[in-house]
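In: Give me coordinates for this.
(one chain, ligands or ions: 1)
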Amino acid sequence: MSITKQTIAIVGAGVSMGSAIAKSIAGGNYRLLLFDTNLEQLGSLSEEILQDHPEADFEHMSCPHESSWEADIIILALPHSAEKELAEKIRDVAIQKIVISIANPIDEEFSKLTTRPETSAAEELQQWLPHSKVIKAFNTTFAADFEQPVIDGKQTDAFIAGDDEDALKTVTELLETVGFNPIIAGDLSVSGTLERMQLLLMQLTIENDYNWHAGWKILHN
Ligand SMILES: NC(=O)c1ccc[n+]([C@@H]2O[C@H](COP(=O)([O-])OP(=O)(O)OC[C@H]3O[C@@H](n4cnc5c(N)ncnc54)[C@H](OP(=O)(O)O)[C@@H]3O)[C@@H](O)[C@H]2O)c1
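Out: Model prediction:
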């Protein structure tokens with residue numbers, strides 16, 4: 001467990017995944033820098049964080065560049081379609097930093113991935129941020145899973161992929177703070193599989209009415 005307090009920027013912190021991640025790690029040994037264009041949503045998020053964690057160390061930021069400049073870890077809680085433009089804005093301040101790709105590049109009908117078969121959202125992000133350590137994480141869990149990571153008596157698995165050993169270790173600790181069971185699935189090229197897994201889980205969730213609270217679990221001896 002890292003004893004140094006790490007600073008995490010969440011870009012798109014106001015809604016859904018961004019706010020779920022912020023709330024679930026606010027009690028950990030982290031300083032949070034929260035950015036969203038919607039200040040009202042950020043205000044509500046702050047109230048919720050303070051209710052559960054009065055000692056939480058966080059602040060609102062006025063732009064993604066400033067947030068990323070101060071951060072050790074950058075989480076992009078945005079649709080993949082917005083990531084290229086965002087990457088251009090933060091590229092110079094994200095050098096050698098961990099950038100977490102949580103995106104599932106899925107079309108509006110939940111029928112297919114929008115990325116080409118030979119790549120993935122995470123690998124595209126790595127191309128746009130060539131000097132950052134892109135890690136795939138948080139994409140195989142729904143926003144609702146963060147409040148209740150134990151489903152049907154089992155701790156939800158959360159898969160991670162990336163090329164940098166230290167960065168994988170750091171993100172593993174982050175997932176443990178949330179309450180998920182982290183599993184390193186492989187290098188960044190595994191990201192496409194993780195994104196396809198979540199497309200399947202979304203399709204099954206719609207078909208079987210899992211109420212957007214479902215997750216993956218590998219059962220083993
Ligand atoms: N929801 C889930 O359960 C879930 C699970 C796993 C992974 N993910 C992934 O998490 C990411 C965020 O998804 P979400 O469901 O939390 O919320 P979302 O509605 O996809 O987006 C959240 C944030 O993205 C910003 N945003 C949207 N379009 C933008 C654009 N074109 N340019 C810049 N910013 C834009 C929004 O800002 P504005 O308010 O200003 O539009 C908001 O701050 C996605 O990549 C998604 O695939 C979601």
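
In: CA atoms of the top helix by length along the chain as PDB?
Out: For the chain, the helix with the greatest residue count under DSSP state H is helix 191-208. What follows is helix 191-208, C-alpha atoms only, in PDB (Å, rounded to 0.1, in the frame of the first residue of the first chain):
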ATOM      1  CA  SER A 191      -8.200  -3.600 -23.600                       C
ATOM      2  CA  GLY A 192     -10.300  -4.500 -26.700                       C
ATOM      3  CA  THR A 193     -11.400  -7.700 -25.000                       C
ATOM      4  CA  LEU A 194     -12.300  -5.800 -21.800                       C
ATOM      5  CA  GLU A 195     -14.300  -3.300 -23.800                       C
ATOM      6  CA  ARG A 196     -16.100  -6.100 -25.700                       C
ATOM      7  CA  MET A 197     -16.800  -7.800 -22.300                       C
ATOM      8  CA  GLN A 198     -18.600  -4.700 -21.200                       C
ATOM      9  CA  LEU A 199     -20.600  -4.400 -24.400                       C
ATOM     10  CA  LEU A 200     -21.800  -8.000 -23.800                       C
ATOM     11  CA  LEU A 201     -22.700  -7.200 -20.100                       C
ATOM     12  CA  MET A 202     -24.600  -4.100 -21.200                       C
ATOM     13  CA  GLN A 203     -26.600  -6.200 -23.800                       C
ATOM     14  CA  LEU A 204     -27.300  -8.900 -21.200                       C
ATOM     15  CA  THR A 205     -28.300  -6.200 -18.600                       C
ATOM     16  CA  ILE A 206     -30.900  -4.800 -21.000                       C
ATOM     17  CA  GLU A 207     -32.100  -8.200 -22.100                       C
ATOM     18  CA  ASN A 208     -32.400  -9.600 -18.600                       C
END
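
In: got the buried residues for that helix?
Out: Within helix 191-208, the residues scored as buried using 16 or more other C-beta atoms under 10 Å are 191-192, 194-199, 201-202, 205. No exception for glycine: its C-beta is placed from N, CA and C like everyone else's.

In: Write out the residues of the protein neighbouring the ligand.
Out: 12, 14-18, 36-38, 77-82, 102-104, 139, 142-143 (C-beta under 6 Å from any ligand atom).

In: now with 8 Å?
Out: When proximity is defined as C-beta under 8 Å from any ligand atom, the chain approaches the ligand at 11-20, 36-38, 41, 76-83, 85-86, 102-106, 121, 138-145, 198, 212.

In: So which of those are in helices?
Out: Using DSSP H, the members of the residues of the chain next to the ligand that fall in helices are 16-20, 41, 83, 85-86, 121, 198.
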